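Q: What follows is a predicted protein model with its sequence.
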Amino acid sequence: MIYLSAKDIKKVFSMRDAIEADREALGLYSEGKTDIPLRTNIDITEQKGQSLYMPGYVSGSSPALGEKIVSVYPKNIEKNLPSVPATMIALDATTGIVNAILDGTYLTQLRTGAVQGLATELLSKEDSKKGLLIGTGGQGMSQLEAMLTVRRLDVVFVFDIDKSRSEKFCEKATQLFKDNFETKFESIANIDEILPQVDIITSVTTSKEATFNGDFIKKGVHINGVGAYTPEMHEIPESALIKADHIFLDTNAGVLAEAGDIISPLKESVINKSDIDGELGQLINNEKNGRKNNDEITIFKTVGTAALDVVVADRIVKLAVQKHIGMELK
């Protein structure tokens, strides 16, 4: 058994690797070749926390098995500890034996950034030049890297409700990506002013209201809703959903049960289920059609699935073993 830290994972697995692993995972999910039980949530009332358990199995030519454990302990901040620690346990699908423990926090950032990158690659205009990132929290940098990986962008505008955070984020991104990308990063205070320019919008917040005004988006824009994952959260404006030519979900079951920015518009008949094209895996499997021209507006909504975790983790472990990366646990 080996332990893989975030640093170890970065040595063996790139964002492009993660995008391809997510492509495989969602394709298999939509083919029905996965077993993803409902997440188990345990309330830890004394600590005002929760412990969440997300197992999954993906079959196919290279099966993957594992479980991610995520805890939500808000009081950990007082102890200088992570408030949302996560650990991934990978098993050998052919023997059922645990073969690795991975940094689950970084794994989550990686696979979530990658699934947005995958959707952006499949649905956005190939000649997209300007992007917008809304939210600079723990997911922000991986979301940005995924956008840069799949599209040659001239500029990415960055917005956060605290402008000092977006300014620091842009400074960090400039240093982090200067060797691989020529993109410029610009902190902005007003989203509405730049919406008519941007080709790709990625929102990754826990906002309970729309994070941008759909009235100002231009023809041909691609929108990623990444952050909202409960029925109370809403990132994607209803006006954008109404304008959309294509709406794809990472999984029908997950989004229709958890994502407020899709659940509420459906409940209020702002959009109908027939307006939703289907799962991204169906597009990957050529069961659905995506963008037809540069004027169409496309939307992707994700809440995540353990299928992504187990496949990405399995592929990381296999490469780490080949390259003798990680700490052996005896």
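A: Alright, I've got the coordinates.

Q: tell me the contacts of Ser83?
A: Residues in contact with Ser83, defined by C-beta atoms under 8 Å, 6 or more residues apart in numbering, are 72-74, 76-77. C-betas here are computed from N, CA, C, even on glycine.

Q: if I've got this straight, it is in a helix?
A: No. Under DSSP: H, G, I helix; E, B strand; the rest coil, Ser83 falls outside any helix and is assigned coil.

Q: Chain neighbours aside, what residue packs nearest to it?
A: Asn76 (4.7 Å; C-beta to C-beta, 6 or more residues apart in numbering).

Q: Was I right to think the one you found contacts Lys48?
A: No. Between Asn76 and Lys48 there is no contact under C-beta atoms under 8 Å: 10.6 Å.

Q: The nearest residue to Pro85 once chain neighbours are set aside bridge partners, please.
A: In this structure, Pro85 finds its nearest non-sequential neighbour in Ser71, 5.4 Å apart by C-beta to C-beta, 6+ apart. With DSSP bridges applied, Ser71 shows beta-bridge pairing to Ser51.

Q: State the distance from Ser71 to Leu110.
A: 19 Å (C-beta to C-beta, to the nearest Å).

Q: likewise Lys48?
A: Note on Lys48: its distance to Leu110, by C-beta to C-beta, is 29 Å.

Q: Lys292 too?
A: 31 Å.

Q: returning to what we had before: neighbour count for Lys48 and Leu110, which is higher?
A: More crowded of Lys48 and Leu110, by other C-beta atoms under 10 Å: Leu110, with 30 against 11.

Q: Distance of the residue nearest to Pro85 relative to Ala146?
A: For Ser71, the distance to Ala146 equals 26 Å [C-beta to C-beta].

Q: if you count what's nearby, which of these two comes out ahead?
A: With neighbours defined as other C-beta under 10 Å, Ser71 and Ala146 compare such that Ala146 has more, 29 against 19.

Q: Just give the nearest non-adjacent residue to that one, would you?
A: Leaving aside its sequence neighbours, Ala146 sits nearest to Gly117 (C-beta to C-beta, 6+ apart; 3.0 Å).

Q: The helix or strand hosting that neighbour - what's its average pLDDT?
A: Taking DSSP states H and E as the criterion, the element that holds Gly117 is helix 104-123. Regarding helix 104-123, the rounded mean pLDDT is 97.

Q: got a list of what the spatially most central residue of the chain touches?
A: In the chain, the residue lying closest to the centroid (C-alpha atoms, centre = their mean) is Thr112, at 2.5 Å. For Thr112, the contacting residues are 139, 142-143, 226, 302, 304, 308, by C-beta under 8 Å, 6+ apart.

Q: didn't Met15 look like it was pressed against Val115?
A: No. Using C-beta under 8 Å, Met15 is not in contact with Val115; the gap is 11.3 Å.

Q: the more surrounded of the two?
A: Ranked by neighbour count (other C-beta under 10 Å), Met15 and Val115 place Val115 first, with 28 against 19.

Q: what's the helix or strand for the residue nearest to that one when sequence neighbours are not counted?
A: Excluding the flanking residues, the one nearest Val115 by C-beta to C-beta, 6+ apart is Asp22, at 4.8 Å. Secondary structure assigned from DSSP H and E places Asp22 in helix 15-30.

Q: Tell me how far the closest residue in space to Lys184 that isn't next to it in sequence lies from Thr183.
A: Nearest non-adjacent residue to Lys184, counting by C-beta to C-beta, 6+ apart: Val155, 4.7 Å away. Separation of Val155 from Thr183 (C-beta to C-beta): 6 Å.

Q: More neighbours: which of these two?
A: Thr183 (21 against 16).

Q: Quick one: neighbours of the residue lying closest to the more buried one once chain neighbours are set aside, just the number.
A: Excluding the flanking residues, the one nearest Thr183 by C-beta to C-beta, 6+ apart is Leu153, at 4.9 Å. Residues near Leu153, counting by other C-beta under 10 Å, number 21.

Q: What strand or helix carries Leu153?
A: Going by DSSP H and E, Leu153 is not in any helix or strand.

Q: Spit out the contact partners of it.
A: By C-beta under 8 Å, 6+ apart, the contact list for Leu153 reads 128-131, 147, 181, 183, 200.
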